[in-house]
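Visitor: Sharing a model that was predicted from the sequence below.
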Amino acid sequence: MTQGFFQQLETELSFARVRCPTDNAITERFYGSLKQEEVYVVGNYPDERAAREEMERYIAQYNHRRSHQALLNFTPGYVQQINNKTVLWQERQALKRTARDRRRAYWRQAPRSLSGKEMGGCSGRNQKEIVEYRANMEDVFE
């Protein structure tokens with residue numbers, strides 16, 4: 001009966017392996033959110049009809065008003081509406097460019113002047129003595 005229904009819709013059934021939630025991770029994540037944010041909060045529903053209505057309300061909120069981090073904080077409804085991955089890709093590229101520009105600006109800043117102690121250097125020795133180990137050989141063998 002179920003297979004006939006899906007054949008009429010011209011869709012194909014696929015099953016996840018037993019005890020392998022990563023096979024269908026997106027759906028598993030949705031069910032986890034549904035349980036954490038709706039079912040466990042409400043507790044007991046008075047009847048099946050009330051449970052269905054509340055879950056339908058939650059699903060509408062989940063799809064159209066709740067932003068999702070994996071979708072760059074867009075709602076699934078918005079992403080489906082635009083149905084164009086290039087917009088998300090462009091948004092992601094813009095975020096990357098902004099971060100890269102901020103990093104470059106940070107590294108282009110003039111270095112702060114630090115004393116030997118703050119730099120972790122040794123007082124009483126010049127920089128060549130610290131970096132070039134052979135410069136200290138006389139001190140070692142004396």
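Guide: That came in fine, so what should we check first? Numbering: from 1, shown residues only.

Visitor: Tell me where the longest helix sits in this protein.
Guide: helix 85-108 (DSSP state H).

Visitor: what residue ranges in this structure score low on pLDDT?
Guide: In the predicted model, the chain carries pLDDT under 70 at residues 1, 84, 112-142.

Visitor: ok, now with 80
Guide: Residues of the chain meeting the criterion pLDDT under 80: 1-2, 13-14, 21, 81-88, 110-142.

Visitor: That one: helices as residue ranges?
Guide: 2-8, 25-34, 40-42, 48-64, 76-82, 85-108, 116-119, 127-131, 137-141.

Visitor: Mind putting these into TSV with mean neighbour count and distance to Arg17?
Guide: In short, each C-beta sits where N, CA and C put it, glycine included. Formatted as TSV, the helices of the chain follow (neighbours: other C-beta atoms under 10 Å; distance: least, C-beta to C-beta, whole Å):
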stretch	mean neighbour count	distance to Arg17
helix 2-8	9	19
helix 25-34	12	12
helix 40-42	11	27
helix 48-64	13	26
helix 76-82	14	26
helix 85-108	10	28
helix 116-119	11	57
helix 127-131	11	58
helix 137-141	8	65
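
Visitor: Now tabulate those helices in a markdown table and tack on distance to Phe15.
Guide: As requested, those are arranged in a markdown table below (distance: least, C-beta to C-beta, whole Å):
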| stretch | distance to Phe15 |
| --- | --- |
| helix 2-8 | 12 |
| helix 25-34 | 12 |
| helix 40-42 | 27 |
| helix 48-64 | 23 |
| helix 76-82 | 24 |
| helix 85-108 | 27 |
| helix 116-119 | 62 |
| helix 127-131 | 64 |
| helix 137-141 | 72 |
